[in-house]
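Student: Just to be clear, the model below is a prediction. Sequence and coordinates:
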Amino acid sequence: MDIVMVTSKLYLSTPSLLSITLQALQHQQSNNLPSKLSFTQTPQKHQKSSSSTHYDHPNIDQTQQIHAHMIKTHFDHSLQIPLSFLPPHLSPEAQYNFLITSYNNNNFPKQSLKIYAHMRRFDVQVDSFTAPSVLKACGQCSLVVLGKEIHGFVLKNGLDGDVFVCNALMQMYSECGSAVSARLMFDQMAERDVVSWSTMIRSYVRNRLLGEALDLIREMHSVRVRPSQIAMISMVNLFADLTNVKLAKTMHGYVIRNMNNEKMGVPITTSLLDMYAKCGNLAYARWLFDGLTQKSVVSWTAIVAGYIRGNRLEKGMKLFKEMLEEGVFPNEITVLSLIIECGFVGALELGKWLHSYMLRNGFVMSLVLATALVDMYGKCGDLRSARAVSDGRDDKDVMIWSALISASAQANCPNEARELFSQMRDEGLRPNEVTMVRLISLCAEVGALDLGKWLHSYINQQGLEVDLILKTALVDMYAKCGDIDAAHALFSRSTDRDICMWNAMMTGFAMHGCGNEVLKLFEEMEILGIQPNEITFIAVLHACSHAGLVIEGKRFFDKMVYGYGLVPKVEHYGCMVDLLGRAGQLGEAHELIKSMPIQPNVVVWGALLAACRLYKNPSLGEVAAKHLLELEPKSCGYNILMSNIYASAKRWNDVAGVRKAIKDSGIKKQPGLSSIEVNGLVHEFSMGDNIHPQTGKIYEMLAEMSMKLKEAGYTPNTSVVLQNIDEEEKETALSCHSEKLAMAFGLINTAAGTTMRIVKNLRVCDDCHAATKLLSKIYGRVIIVRDRNRFHHFREGSCSCGDYW
DNA sequence: CGGTCAACAC
């Protein structure tokens, strides 16, 4: 103790060693080192140093240096902390706090917690300053157990009357995912400041309890607490999640009204521009961005990410380069967001470029970044690159394994995904909720109902928490695997539905052609006051189109734009063109395309072309086909449709012309693939394939099926076959279509009377549709076929789609 | 206490 006294006296009158160290480091940095990319630099302000100077917290190198120095001297052995390395005249508590805060500021919460452990070992008390710092680290590490320990000390040391400490406790509970505990804290507080309110609102937003957040905002106003700019940022974030331009504008107005003559800060403007970008209104986002007096790396990140999300890739790239020219360097979150957005829109090239940019510019390939890359490559269907990123690492955690599993799902390798799953377990990693979500969406993707059911029971058996996202994934899986009743049962039982849950259910119903159920749910949503988003309307329009509800469809489209303020995306136009086209209103459909403010894509023109085929309109079909070939010259599906249109109009010369064009271009038709799951394994078939071990038996079965079909009076519809071959061969080609092979395999390998579920990657053809109807009757089976667009339930000789698909 | 970042629905 004496030593401390003496040294502190000694150093109080001289510049502290810390500031000398800092100055030296600062000097070194400004002279030699380029600014590091992986950390945000905190500007070092202090020049002269005296005992009264405010100390900025050092960066991580400096923090570690101080820490190391402390350990080397007395730090680990006694409480005699050498004051020379810290701001002078501080208590031991404050010195610990200084180091904890330094590690926090440099984003090393685990180090902070080590310092805390040390502090406890030497029985230094948690005070009103250390408590919030340690709690912050607990929150970042999601260590609610440690957080509760601090809570205990807070109560023991009588700090529970301190607003600052209580706010930190709320924040900790919120970050650990418990909005309920945070609210308990909030309710118990004797005194609340504006920070308490905004922390609680933020807590609800973070935990996606949007209704509660809105209620709390109202309550805050009713007790006359005015929102600060920071409080409003939480609210803006809340509205950003709603992806609704009309509500976004309302929020913007709210912010302006509550500014109290303050200047709009950079952070709030950034959050507003991010909100607009997420709602798809890039013009507003850009306008706000351009108006920023100081553009920080955060603002740049938000606007570039916004452009990528809106699929304006060149523009996004251009801005990214502008950012670099302005001397603003991307941080880890920048590349992380941009990579995530690339995955979102499937921008593989840009994603690769960002990957190489990272490597070239010395970014530390953290596990988080690697996971984002694996995820992006997976979403873009590039399994090889995904594996290249993850394979070399020996620090793989559950998250990156899960991303890899999803990547193999995307690449259509369900059995490989299963393999990875067991590999992961072999390495001693326990699958968590995230793993299960990804595996279950894989089942949804490939239509593996048995595996999905097994995973569902595994979740219950392992006692994993079925949160809203997992439940949504399960609803989606059951719906997409054809078990719409199971999906609906799960949906009905959940009390805490969010918009994703509603959307999953409505999309499921729409896929199964249950238009009225979708409209019923939509009505229910409106009564409950739940804000539909653009995805909701895709489901609603889809439902109208499958159920032939033309007038309702138009009404919903208007409602979406004028009632809910959503900007229609190309998907919505696709639904509308499909809707009008199916109803035979071809002219109106064409007018709608011409009036679109955005570029129509292949879905839009494809819908028109399909309608032209249905209603035998070659001239408009040509217009659509021309656009389609411009958009996707490598595809011949449209040419095939066009030749079918000419054939039905008996324009044989044109048919021959198109066929020659296909032949000349040397492009192959996208192969049709059908899969069926038997005993948890997915078996996939392509047309006429003979690689399956049971090939012999399958073809015997196929022959039997043909015979029984003929007995039932079925004649093959050979007009759908394109090849220039004779009629008999055409029949053979038809009978080998992949769905018929899958069906034969199913008939052999499942017990009589079992429902068969088949998943097809293309649209089911006319001939297979007619044959399957009869087969369902002949073999007394329910056959559920999921094609590219929707479900067909074949039962007793008829199909749920009413022959309208 | 704050602005860009985490898996689900298209």
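Tutor: Arrived safely. Please read these numbers as outputs of a predicted model, since none were measured by experiment.
Student: CA only for contacts and neighbour counts going forward, please
Tutor: OK.
Student: Tell me where the stretch 501-650 of chain A has helices.
Tutor: Secondary structure of the stretch 501-650 of chain A (DSSP state H, counting those that start in this stretch): helices located at A:515-528, A:534-547, A:550-558, A:570-582, A:586-594, A:602-614, A:618-631, A:637-648.
Student: Most proximal residue of the stretch 1-150 of chain A with respect to DNA strand B?
Tutor: Closest contact between the stretch 1-150 of chain A and DNA strand B, by CA to the nearest atom of the strand, is at residue A:132 (5.9 Å).
Student: Would you confirm that that residue belongs to a helix?
Tutor: Yes: Residue A:132 forms part of a helix when assessed by DSSP: H, G, I helix; E, B strand; the rest coil.
Student: right, and it touches residue A:168 too?
Tutor: Yes: between residue A:132 and residue A:168 there is a contact at 5.1 Å, judged by CA atoms under 8 Å.
Student: for the stretch 1-150 of chain A, which spans come out with low pLDDT?
Tutor: Scanning the stretch 1-150 of chain A for pLDDT under 70 picks out the ranges A:1-90.
Student: Point out the residues in it that sit beside DNA strand B.
Tutor: residue A:132 (CA under 7 Å from any atom of the strand).
Student: Which residues are in contact with the residue of the stretch 1-150 of chain A closest to DNA strand B?
Tutor: A:164-165, A:168-169 (CA atoms under 8 Å, 6 or more residues apart in numbering).
Student: The same query, at a cut-off of 7 Å, please.
Tutor: Counting by CA atoms under 7 Å, 6 or more residues apart in numbering, residue A:132 touches A:165, A:168.
Student: With residue A:544 instead?
Tutor: A:515, A:550, A:552-553 are the contacts of residue A:544 under CA under 7 Å, 6+ apart.
Student: Report the two of those separated the most.
Tutor: Across the contacts of residue A:544, no pair lies farther apart than A:515 and A:550, at 11.8 Å, counting by CA to CA.
Student: can you tell me if stretch A:378-386 touches DNA strand B.
Tutor: No: Stretch A:378-386 lies out of reach of DNA strand B by CA under 7 Å from any atom of the strand, never closer than 9.1 Å.
Student: mean confidence for that stretch?
Tutor: For stretch A:378-386, mean pLDDT is 91.
Student: same question, stretch A:188-195
Tutor: Rounded mean pLDDT across stretch A:188-195 is 91.
Student: again with stretch A:222-235
Tutor: 91.
Student: Over to stretch A:257-272?
Tutor: 90.
Student: Can you tell me the closest non-neighbouring residue to residue A:277?
Tutor: Excluding the flanking residues, the one nearest residue A:277 by CA to CA, 6 or more residues apart in numbering is residue A:306, at 4.8 Å.
Student: Which helix or which strand is home to that neighbour?
Tutor: Residue A:306 is part of helix A:297-309 when elements are defined by DSSP states H and E.
Student: By proximity to DNA strand B, which residue of the stretch 551-700 of chain A wins?
Tutor: residue A:571 (7.1 Å).
Student: Any regions of chain A where pLDDT drops low?
Tutor: In chain A, residues with pLDDT under 70: A:1-90, A:633-641, A:648-649, A:662-670, A:717-735, A:804-805.
Student: ok, now how distant is residue A:123 from residue A:165?
Tutor: 20 Å (CA to CA, to the nearest Å).
Student: about what we covered before: any idea how far DNA strand B is from the residue nearest to residue A:277?
Tutor: As judged by CA to the nearest atom of the strand, to the nearest Å, residue A:306 and DNA strand B stand 9 Å apart.
Student: In contact with that residue: list those residues for me.
Tutor: A:274, A:277-278.
Student: what about residue A:365, neighbour count?
Tutor: Each residue near residue A:365 was counted by other CA atoms under 10 Å, and the total is 16.
Student: can you point me to the longest helix in chain A?
Tutor: Longest helix in chain A by number of residues, with DSSP state H as the criterion: helix A:695-711.
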